[in-house]
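Colleague: sequence first, then the predicted structure, then my questions.
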Amino acid sequence: RFSFDQLMGAAVLVFLAYALITALRTHLADRLAHRMIFDIRRDLFQHIQKLPLDFYHAKQTGAISSRLVSDVSQAQNFFGLAGTNFFMDFTSLLTITCVVSYLNWKLALVTYSTLPIYLFLQRRLSRRMRLNSREARRRMEILEGGIHESIAGISEIKSFTHEGEQSRRFGDRCWSYLLSAYENVRTNATSLGTTALLTRVPAVLVIWIGGHFVVQGQITVGALMAFYAYLEMVYNPLTRLSELNIQLANSRAAIDRLFEFFDLATETGTDGQGPPLTVRAGGIRFQGVTFGYLPGQPVLKGITLEVKPGSRVALVGASGAGKSTLVKLLVRFHDSWEGAISIDSQDIHGVNLQSLRSQVGYVQQDPVLFSGSVEDNIRVGKPGADQGEIVRAAERANALEFIRQLPNGFQTEIGERGVKLSGGQ
C-alpha cells in the first residue's frame, strides 16, 4: 500500500512529465514546421527564377511575392501544431471511445448518435472553407500586387497628382478582400456553431436515457455520473478538431496555391540540361525565325539574318517593329515559334541556358540596379571578381570618375533600383 503523501508525490511527477512531454512535442513540431517552410520557400524561389519571362509578364510582382511570403506562412499551420494536435485529439478520441463503450455500450451509442451528422457537416463545410480561403488569398494577392505597383511608381503618381485615384483603388481592393474575409468568417462560425450543438445535445440525451436506466435498475446513479464525467473528454476533442479543420482548410488552400507555381514548367535548358555552348568566333545566324507575344499575332515573321564574327550591326526600324525582341530571342528570354537561331553553327534552343547567357553581353533598355553598394552591382556579372577587375569594369564603362566622387566610392549604397544615383550615373 502507498501512503497519501506518496500518491500525491506521484501525481506531481506525472504532471511534471506531462509538462515536459508537451514542451518537447511543441518544440519538435515547431522546429520541424519552420524547417519544412524554409525548404518550401527556398525551393519555390529557385523554381520561380527558372520560369520563362512570359510568367513574369502575366503576374504582378506583388502577387508573386505574396505566394512566397503570405501563402508559405499560412501553409506553416499545416505542418505545425495543427497537424500534431489533430493526431493527438484523434488518438484521444479513439481511446475514450473504448472506455465509454466498456462502461455502457448503450449510452455510448447515445453519446455518438450525432457523430454521422457532425462528420457530414464538417466534410461539407471544410470544402466550402477551402474555396473561401482560396478566394480570399486571391484577392489579397491582388491587393499586395497593387501596393507594390503604387510604391514602385510613386514618382509617376506624384507627378500626375494621382494620389486620390490610387487611394480609391486601394480602398476598393481592401473592400473586396474584406467581403471575402466576411464569407470565410460566416462559414467558420457555422462550423463552430453546429459543433457546439451536436456535442451538447447528446449530453442531455445521456442524462435523459440514463435516468430511465437508473429507474429501471439497469445501472446505478454512480455509474451514470461516472459515465457523464467522461463526456467532456469525448466532446472537447471534437470541438478542437472543428477548430483545427478551419486552420487546415486555410492551410490547404495556401498549399494549393503554392503548387500552382511548382507545377509550372521551367525554361528548357535549366538545371544543367543540354550541352554547353562553345563560342569560338561568335558568328550569329537567324534562319526563318517567327515569333509573337500573342497567339496568331507574330511580331517577327520569317526573319533571316547573319552577323559575321567581329562585325557591328545596327537594327533600325519603327517603334514596335521587333528590334528588341530579336535580341531577346538571342538570349532565349523567349523561344521562337518557327525557325532556328545559332551561334557558331550551334542551335541555341538545345544548349544549356547558363552557358548561353553567360557568354552574351546584353544591355537592356531599362537598366536595373539592386539594393547594395556600387561594388555589389558590378559583381552581378561576375560574383568572384577581385577589386582590380571591378575597377577595370567601371573604367571601361566610363563610370570610374563619378564612382570615386561618391561619398564611399565603390562601397556607396545606391538604394533600391539605384534611387540614390542621378539618371546619368
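Modeller: Right, received. Where do you want to start?
Colleague: quick check: which element contains Ile341?
Modeller: Per DSSP states H and E: Ile341 is located in strand 338-343.
Colleague: contacts for that strand, please.
Modeller: Contact with strand 338-343 is made by 277, 279, 282-290, 302-304, 329-330, 347-349, 356, as judged by Cβ atoms under 8 Å, 6 or more residues apart in numbering. Every residue, glycine included, has its C-beta placed from N, CA and C.
Colleague: what does stretch 247-266 give?
Modeller: Identification of contacts with stretch 247-266 by Cβ under 8 Å, 6+ apart yields 40, 43-44, 47-48, 50-52, 55, 67, 70-72, 74-78, 82, 86, 126, 129-131, 133-134, 137.
Colleague: just for the protein, where's the confidence low?
Modeller: Counting by pLDDT under 70, the chain contains low-confidence ranges at 1-2, 4, 79-85, 269-272, 425.
Colleague: tell me who's in contact with the residue nearest in space to the middle of it.
Modeller: Centroid-nearest residue in the chain: Arg67, 3.2 Å away (criterion: Cα atoms, centre = their mean). Residues near Arg67 by Cβ under 8 Å, 6+ apart: Leu44, Glu141, Arg257, Leu258, Phe261.
Colleague: of all those residues, which two lie farthest apart?
Modeller: Of all pairs drawn from the contacts of Arg67, the widest gap by Cβ to Cβ lies between Leu44 and Glu141 and measures 14.6 Å.
Colleague: between those two, who's got more neighbours?
Modeller: Glu141 (22 against 19; other Cβ atoms under 10 Å).
Colleague: what residues sit buried inside the helix or strand harbouring that one?
Modeller: Using DSSP H and E, the element containing Glu141 is helix 115-152. For helix 115-152, a neighbour-count test (16 or more other Cβ atoms under 10 Å) marks 118, 121-122, 125-126, 128-130, 132-150 as buried.
Colleague: check stretch 343-351 too.
Modeller: Across stretch 343-351, burial judged by 16+ other Cβ under 10 Å covers Ile343, Gln346, Ile348, Val351.
Colleague: that older thread, what residues of the strand holding Ile341 count as buried?
Modeller: Burial within strand 338-343, assessed by neighbour count using 16+ other Cβ under 10 Å, is assigned to Gly339, Ile341, Ser342, Ile343.
Colleague: which residue lies closest in space to Arg169, excluding its sequence neighbours?
Modeller: Spatial nearest neighbour of Arg169, excluding adjacent residues (Cβ to Cβ, 6 or more residues apart in numbering): Gly146 at 6.6 Å.
Colleague: for Lys59, see how far away that neighbour is.
Modeller: Distance, Gly146 to Lys59, by Cβ to Cβ, to the nearest Å: 13 Å.
Colleague: next secondary structure element downstream of the host helix or strand of Thr95?
Modeller: Per DSSP H and E, Thr95 falls inside helix 81-103. Next helix or strand after helix 81-103 toward the C-terminus (DSSP H and E): helix 105-111.
Colleague: using CSV, write down the CA coordinates of that following helix.
Modeller: Extracted in CSV, the C-alpha atoms of helix 105-111 (Å, rounded to 0.1, in the frame of the first residue of the first chain):
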residue,chain,number,x,y,z
TRP,A,105,-22.3,0.4,-24.8
LYS,A,106,-25.9,1.6,-24.9
LEU,A,107,-25.1,5.0,-23.5
ALA,A,108,-22.0,5.1,-25.8
LEU,A,109,-24.3,4.7,-28.8
VAL,A,110,-26.3,7.7,-27.5
THR,A,111,-23.1,9.7,-27.0
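Colleague: that helix: which residues count as buried?
Modeller: For helix 105-111, the buried set under the neighbour-count rule, 16+ other Cβ under 10 Å, comprises Leu107, Ala108, Val110, Thr111.
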